[in-house]
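[1] Generate a structure from the sequence data that follows.
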Amino acid sequence: MTGPVRAAVTLAVFAATLAMVVWRPRRWNEAWWTVLGATLMVGLGLVTPAQMAASVLAGKSALLFLLSLLLLSLLIGKSGFFDWAALGCARLAGGDARSLYRNTFLLGAIVTAVLSLDTTAVMLTPVVLALVRRLRVPAAPFIVLCAFVANVGSLLLPISNLTNLLFADTFRLRFGTFAAHMVAPQLVALAVTYALLRLRFRHELPQVFEARSLPAPASVVPHRSYFRTCVAVLALVLLGYFLAPLAGLEPYVVAFAGAAVLGAAGAVTGRVRLADAGELAWGVFPFVMGLFVCVRGLENLGLAAASSGWVARLAPGSTVSLLATAAATALASNVVNNLPAALIARPLLDHAHASPATVLAALVGTDVGPMITPFGSLATMLVLALARREGLDPPVGRLIALGAWTTPLILAATTLALALAP
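    Next comes the predicted model:
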């Protein structure tokens, strides 16, 4: 296969794979299409079997961490934690719908930071949507809130987003170092996002809602002892993430230890059964591994080496370079989805020997940036799909229109915060 033909075939396979992931013909899981794309890459000789294995092994730590986070989220969900937290937010609002919106936003930000954006999309969103239907408040502002906070709230920790895990692993970013650099950008991103959402929905959120019919949060906790164990283990796991590097341990070891404790406690209390493992989103693993291989096909074309010159020409760590990098990855995320965008950016930045600030700016683009198109991130796609499943009409058009003018503002403010952070 000649060079031009090889390049054309590789790009065609990659583009077709992404198109199938977004369109999901016959509603097949996204994993089928990335695995098919990876199979074509190998079958056509665009990626060797050795390169395929190396690509998957290179993301081993991120995949193990993802598995441990999914286990933790599932086990914590069995305690009734998400229902308890959502009811607590509603009762604290005291019948004020705008306070309910604020409280829900803060809850989503905390869950996203500590348990990842996928947990917010898959486990918290259905609880929030069920709550707003019960309270008879407009659902559209809360659907948009869940989509925005799942993405925008995923900057703080390596565990908050799979893209963070991949970058932290590739560029050897320690848990504490990552958090220290991202705390200011995360706070700015959340503050600006909340202000813009409140501005957009100021006429749609009612003044009050009927709060007297709400049960006490404790009423949705099926087993108090297991619930308290979950809260305690979650706090210890979060602390352990920061201490693990001091002991030479990968953070996923801490997460698996926490999951093991909760699994044992759940089995003793009858809250967890072995069959519950079927509730895990197992499809995410072949989905991600298939993407690894497809992106390796692009790398074999020499795109990283050809594009890294652009990064190298930017003044390292300058505000202009950080804004340009964040804008580039945000644009790519909205076109091809943020996970492929991150996988493409990773070797490019590595080849260019990009500064740590530039690496983090690329993450700002992939985490905060993919809010213009509904397929910019898997979390957004999941939120919209869950809204449809709950019988609600997802406001896709309004989400696109809102993202078109808010995303550049949020992205610029967040990147400036990163540039000004010590």
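
[2] Give me the neighbour count for residue 356.
    For residue 356, the neighbour count with other C-beta atoms under 10 Å is 15. Where you see a C-beta, it was placed from the backbone N, CA and C, and this is true even at glycine.

[3] Next, residue 208: phi, psi?
    With angles defined as degrees, to the nearest 10, residue 208 sits at phi -140, psi 160.

[4] Pull up the per-residue confidence for the residue lying closest to it once chain neighbours are set aside.
    For residue 208, ignoring the flanking residues on the chain, the nearest one in space by C-beta to C-beta, 6 or more residues apart in numbering is residue 95 at 5.1 Å. pLDDT, residue 95: 90.

[5] for residue 95, what are its contacts?
    208-211 (C-beta atoms under 8 Å, 6 or more residues apart in numbering).

[6] Give me the buried entries from those.
    Among these, the ones that count as buried by 16 or more other C-beta atoms under 10 Å are 209, 211.

[7] out of the contacts of residue 95, which one sits closest to residue 6?
    Here the nearest of those to residue 6, counting by C-beta to C-beta, is residue 209; it sits at 59.7 Å.

[8] quick one, what contacts that closest one?
    Each residue near residue 209 by C-beta under 8 Å, 6+ apart is listed here: 93, 95-97, 100, 135-137.

[9] and the gap between it and residue 131?
    10 Å (C-beta to C-beta, to the nearest Å).

[10] same question, residue 178
    33 Å.

[11] Look at the two and report which has more neighbours.
    Of the pair residue 178 and residue 131, residue 178 is the one with more neighbours under other C-beta under 10 Å, namely 23 against 19.

[12] shouldn't that one be in contact with residue 161?
    No: in this structure, residue 178 is not within contact of residue 161 by C-beta atoms under 8 Å, at 11.3 Å.

[13] Assign a three-state SS to residue 394, would you?
    At residue 394 the chain is in coil, as set by DSSP: H, G, I helix; E, B strand; the rest coil.

[14] count of residues packed around it?
    21.

[15] The one 10 residues further on now?
    Counted with other C-beta under 10 Å, residues neighbouring residue 404 total 13.

[16] 31 is where my numbering starts, stick with that
    I'll keep to 31 as the first residue from here, and by that count the last item is residue 434.

[17] excluding its backbone neighbours, what's nearest it?
    Nearest non-adjacent residue to residue 434 (C-beta to C-beta, 6+ apart): residue 402, at 5.5 Å.

[18] Then that neighbour would be within a strand, right?
    No: going by three-state DSSP, the assignment for residue 402 is coil, not a strand.

[19] doesn't residue 437 make contact with it?
    Yes: with contacts counted by C-beta under 8 Å, residue 402 reaches residue 437, the gap being 5.3 Å.

[20] quick revisit: ok, and the most crowded of the contacts of residue 239?
    residue 130 (28 neighbours).

[21] Of residue 402 and residue 437, give the one with the bigger neighbour count.
    Between residue 402 and residue 437, counted using other C-beta under 10 Å, the more crowded position is residue 437 (25 against 21).

[22] give me every residue that touches that one.
    So, once contact is read as C-beta under 8 Å, 6+ apart, residue 437 ends up touching 360, 398-399, 401-402.

[23] Apply 10 Å and report the result again.
    178, 181-182, 223, 226, 360, 363-364, 398-403, 406 (C-beta atoms under 10 Å, 6 or more residues apart in numbering).

[24] and residue 348, how many neighbours?
    So residue 348, with other C-beta under 10 Å, has 14 neighbours.

[25] contacting residues for it?
    Counting by C-beta under 10 Å, 6+ apart, residue 348 has contacts 354, 385, 387-388, 449.

[26] per-residue pLDDT, it?
    In this model, residue 348 carries a pLDDT of 86.

[27] Cool, thanks, talk later.
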